[in-house]
Each structure stands twice: as C-alpha cells, then as structure tokens.
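>>> Okay, sequence plus prediction incoming.
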Amino acid sequence: MKKSIALTLLAAFVMVLAGCNTVHGFGQDVAKVGDKMQESSKKAAE
C-alpha cells in the first residue's frame, strides 16, 4: 500500500517537473503562485 502511494506521488512529481521543463521553470511557477497568494490576501484585507 505504501509503495503504491509513493509511486503515485513520484509520478505526479515527475509530471509537474516535465510540465515546467526545467528546475528554473519550476521555481518561476512557484514564485507566480506566491505572488497570486499575496495579491489575494491583500484584496481580502481591504
């Protein structure tokens, strides 16, 4: 059971990295998510 969960998570991680093409691209995607979270929290605070 644990092995199948680990394989599923590994497959999902590989697909995410493949979508970003590079680790640098992955970093940019994470930064964009952080920016959107900050924007929405600022809007909620207003």
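Alright, I've got the coordinates.
>>> Only C-alpha atoms from now on, for both contacts and neighbour counts.
Will do.
>>> Can you list the buried residues in stretch 15-31?
Using 16 or more other Cα atoms under 10 Å as the test for burial, stretch 15-31 gives residue 26.
>>> Could you work out the end-to-end span of that stretch for me?
Stretch 15-31 has its terminal residues 19 Å apart, counting by Cα to Cα, to the nearest Å.
>>> who's in contact with that stretch?
Contacting residues not belonging to stretch 15-31 are not present [Cα atoms under 8 Å, 6 or more residues apart in numbering].
>>> same question for that stretch, mean pLDDT?
Per-residue pLDDT over stretch 15-31 has a mean of 75.
>>> Look up which helix or strand the residue most central in space within the chain falls in, please.
Closest to where the C-alpha atoms of the chain average out (Cα atoms, centre = their mean) is residue 30, at 5.7 Å. In the assignment (DSSP states H and E), residue 30 maps to helix 23-45.
>>> How far does that helix sit from its chain's centre?
Here helix 23-45 is found 10 Å from its chain centre; the criterion is Cα atoms, centre = their mean, to the nearest Å.
>>> Around residue 1, how many other residues sit close by?
For residue 1, the neighbour count with other Cα atoms under 10 Å is 5.
>>> Report pLDDT for it.
Listed pLDDT for residue 1 reads 76.
>>> what about it, distance to residue 32?
Distance of residue 1 to residue 32, given as Cα to Cα: 35 Å.
>>> Number of residues surrounding residue 7?
Residue 7: 11 surrounding residues under other Cα under 10 Å.
>>> try the one 5 residues further on
Using other Cα under 10 Å, the number of residues around residue 12 comes to 12.
>>> what's the distance between the helix or strand containing it and the middle of its chain?
Element membership of residue 12 [criterion: DSSP H and E] is helix 2-20. In terms of Cα atoms, centre = their mean, the centre of helix 2-20 is found 12 Å from the chain centre.
>>> Run the angle between it and helix 23-45 for me.
Calculated by axes from the mean of the first three to the mean of the last three Cα atoms, to 10 degrees, helix 2-20 forms an angle of 90 degrees with helix 23-45.
>>> Many thanks, we can stop here.
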